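>>> the following comprises the amino acid sequence and a computationally predicted model.
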Amino acid sequence: MKTSWTKLIICLFCISFAAGCETGTETKNPEKVETTKTSNKIVFANLEPTEDSKVSGYVNFKPDSNGVLIAAQVAGLSPGKHGFHIHEKGDCSAPDGKSAGGHFAPNGNPHGAPDNPADKRHVGDLGNITADNSGNAKYNRVDKVVKLSGENSIVGKAVIVHQQEDDFKSQPTGKAGKRLACGVIEIQT
């Protein structure tokens, strides 16, 4: 259930993200930034807990000259690594999050690590998000396979945070386990 505080936090993050807040990622050629239909809009997912979970947060996606910058903040996790993936359906209606389907893999590629070549991973394979001892996690990387438009567009799909670490080899999910949070990827103007 979305609260006014959650909406306020997401709004403030989205505003600072769109304004170009410090991300730790250096853009080498700002004049060559990828142009898409979403380049002047905010693309994000609000992560809501699944049943028996307290995990929540948000994920923002922004065009970058090297791909798509993905920035996330998640709270309520157990310390350690947790599988972090884009799933094929933008549906978080099932209490266990399974209505989001499997990993987003439009080309039928095998599951793999996010740094694998495009033909050796799902588009939705983002790897792991690591929680500190307080259960808070941040994720910040540029992905070369994820797209905000076209065949590999993640808009309208779902982001899932899993209970266990993605091992990058077990098919088709990396043995990441139960789904703790789910959020539909949407465009905001």
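Cool, got the structure. Note that the coordinates shown come from a computational prediction; the quantities given were computed from them, not determined experimentally.
>>> please enumerate the strands of this structure.
42-49, 56-64, 67-75, 80-87, 125-131, 137-143, 158-162, 179-188 (DSSP state E).
>>> helices or strands up against the fifth one?
Of the remaining helices and strands, those touching strand 125-131 by 3 or more Cβ pairs under 8 Å, 6 or more residues apart in numbering; DSSP states H and E are strand 67-75, strand 80-87, strand 137-143. Backbone N, C-alpha and C define where each C-beta goes, glycine included.
>>> point out where the chain drops to low pLDDT.
Residues of the chain meeting the criterion pLDDT under 70: 1-40, 189.
>>> bridge partners for the residue nearest the centre of it, pull those for me.
In the chain, the centroid-proximal residue (Cα atoms, centre = their mean) is residue 159; its distance is 4.9 Å. Under DSSP bridges, the beta-bridge partners of residue 159 are residue 86, residue 183.
>>> next: residue 69.
residue 62, residue 142.
>>> from residue 186, how far off is it?
17 Å (Cβ to Cβ, to the nearest Å).
>>> same deal with residue 127?
22 Å.
>>> looking at these two, which is more packed in?
residue 127 (22 against 14; other Cβ atoms under 10 Å).
>>> would you mind measuring from the residue nearest to the centre of the chain to residue 177?
16 Å.
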